[in-house]
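Chemist: Sequence and predicted structure, then a few things I'm wondering about:
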Amino acid sequence: MAAGAVDMYSKKNIIKVSYPIFLGLLAQNIINVTDTAFLGHVGEVELGASAIGGLYYICFFTLAFGFSIGAQILMSRRNGEGNYRKIGDILSQGSLFTLLMAFCLLAVSLVTARPFMRLMLSSETILEASVAFFSVRVWGLLFSFVNTMFRAFYVSITRTKVLTLNAIVMAVINVVLDYAFIFGKFGLPEMGLEGAALASVMAEAGSLAFFFIYTRKTVDCGKYGLRLSFKMDMSVIRSILGVSVFMMLQQFIPLATWFVFFLAIEHLGQTQLAIANVVRSIYILMLIPVQALSTTVNTLVSNAIGAGHIDKVMGIISRIMKISLVFAIICAVAVTGFPELLLSIYTESASLIEAAVPSVWVVAAALVVASVSNIYFNGISGTGNTKPALVIELSCQVLYAAYIIFSCMVMKWPVAACFGCEIIYYFTLFIISIMYLKFYNWKKVRI
């Protein structure tokens, strides 16, 4: 391997590629975290409703995210091959497709949200608040879907510093507008729950505007074949879907089961739902470094195969896994050392904080397992073997869902015990992923 290639897969370069992705993911998740933190000081109903409405929104969002990962794998492969102009076709056609998908899902979800949630929720108060939040939040699909394609483009060409700037823009807009709309500051009306949803939509709109301006000003559009096109090229879209359709399902299914998890917790009570939302918010933050490194695995593995370095794939996965594990252990130790301090950001209720501490310990343990399993699993996706990856995901989710039903709905265990589903899921994912990479002939796949 050439010296440049060695540098590309070094620990230093892995960190260099990963940290802007980390900031980008932080910005995307800061929306949910900020909403939870602010609404925790409004009331338990608002806190619980934002969890249900927010997760319902994210279930739709993951379809675009999964599509963008498939596009990212293809763009990374073309980048590794030096076939740069093809990248622009993938970006433009992928953006057009995701925008069309966003309009369709927006129309469907506005009609079906209330009847669907009514079937699942036991509390009329939580139902009305969840629908109110989602009815505003869902308009963010029009911006967030296209945002995923821009992130995929910049990650695939390993020019990830732009994600840092985008993270700052998105976070600042969301935090300022959350404060303004929820509590009625700066002369704006006090909107409470709906204000949090509106702030999130505007943050995603600001993020997309930033991507358009930055790309036009700084990217060599001729090199990458970037152009604005409103004509669909079905051959390009089919090639993306050939890889991404399994990724879309792979991304959607875990969030759908997360949604089921919260529906099950809602039947345990309003306080338990509030605890679960706060702990989930902390858990999402802890998972961001792992998710960033998982995205890096996808990119570097696909680039390596495109450049003819397929023999380096397992080394790349192993190297990133070790980095991920170190970050996870540091994060888990920090969180479990001061859980009450962290929880106080979300709520002033001493009883809620005390009840949530055991759940924080459980998700911290799950994080350590996830830091290893996610890297190996995303390594499989990076090779282009997205169909087997979906089968693996489905297998693990069946066990996950079974545990949720047993622990929450049958046994009605405490929230902390219900969160044990995360440990079981990630441990199973790790075992199956290792077996796949060791025994399956994954090197023959071409995309």
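Modeler: Here it is on my side, so go on.
Chemist: Test my guess that residue 257 contacts residue 400.
Modeler: Yes: applying C-beta atoms under 8 Å, one finds residue 257 in contact with residue 400, separated by 5.5 Å. (C-beta placed from N, C-alpha, C; glycine too.)
Chemist: If you count surrounding residues, which of those two has more?
Modeler: The neighbour comparison of residue 257 against residue 400 (other C-beta atoms under 10 Å) goes to residue 400, with 24 against 18.
Chemist: list the contacts for that one?
Modeler: By C-beta atoms under 8 Å, 6 or more residues apart in numbering, the residues touching residue 400 are 254, 257, 421, 424, 425.
Chemist: Now, of these, which are buried?
Modeler: 254, 257, 421, 424, 425 (16 or more other C-beta atoms under 10 Å).
Chemist: ok, residues contacting stretch 201-208?
Modeler: Contacts of stretch 201-208 (C-beta under 8 Å, 6+ apart): 27, 31, 136-137, 139-140, 143-144, 146-147, 150, 166, 169-171, 173-174, 177.
Chemist: Relative to residue 275, which of the buried ones among the contacts of residue 400 is nearest.
Modeler: Nearest to residue 275 out of the buried ones among the contacts of residue 400 is residue 421 (C-beta to C-beta; 15.3 Å).
Chemist: Can you name the helix or strand that the nearest residue to that closest one once chain neighbours are set aside falls in?
Modeler: Nearest non-adjacent residue to residue 421, counting by C-beta to C-beta, 6 or more residues apart in numbering: residue 403, 4.5 Å away. Per DSSP states H and E, residue 403 falls inside helix 386-404.
Chemist: which element follows that helix toward the C-terminus?
Modeler: Immediately after helix 386-404, counting by DSSP H and E, sits helix 415-418.
Chemist: which secondary structure elements does that next one contact?
Modeler: Helix 415-418 sits against helix 234-266, helix 270-306, helix 350-382, with contacts defined as 3 or more C-beta pairs under 8 Å, 6 or more residues apart in numbering; DSSP states H and E.
Chemist: rewinding a little: per-residue pLDDT, the residue nearest to residue 421?
Modeler: Listed pLDDT for residue 403 reads 95.
Chemist: try residue 447
Modeler: Per-residue confidence (pLDDT) for residue 447: 57.
Chemist: returning to that earlier point: just the ones in helices from the contacts of stretch 201-208, please.
Modeler: Among the contacts of stretch 201-208, DSSP state H puts 27, 31, 136-137, 143-144, 146-147, 150, 166, 169-171, 173-174, 177 in helices.
Chemist: all helices in the stretch 1-150 of the chain, in order from the N-terminus.
Modeler: 3-8, 11-39, 44-81, 85-120, 124-137, 141-156 (DSSP state H, counting those that start in this stretch).
Chemist: Of those helices, which is nearest residue 384?
Modeler: helix 44-81 (6.3 Å).
Chemist: Go through the closest one and flag the buried ones.
Modeler: Buried residues in helix 44-81, defined by neighbour count with 16+ other C-beta under 10 Å: 44-80.
Chemist: what's the answer for stretch 232-242, then?
Modeler: For stretch 232-242, a neighbour-count test (16+ other C-beta under 10 Å) marks 236, 237, 239, 240, 241 as buried.
Chemist: Relative to residue 162, which of those residues is nearest.
Modeler: residue 240 (21.7 Å).
Chemist: Now that closest one: closest residue in space, sequence neighbours ignored.
Modeler: residue 71 (5.1 Å).
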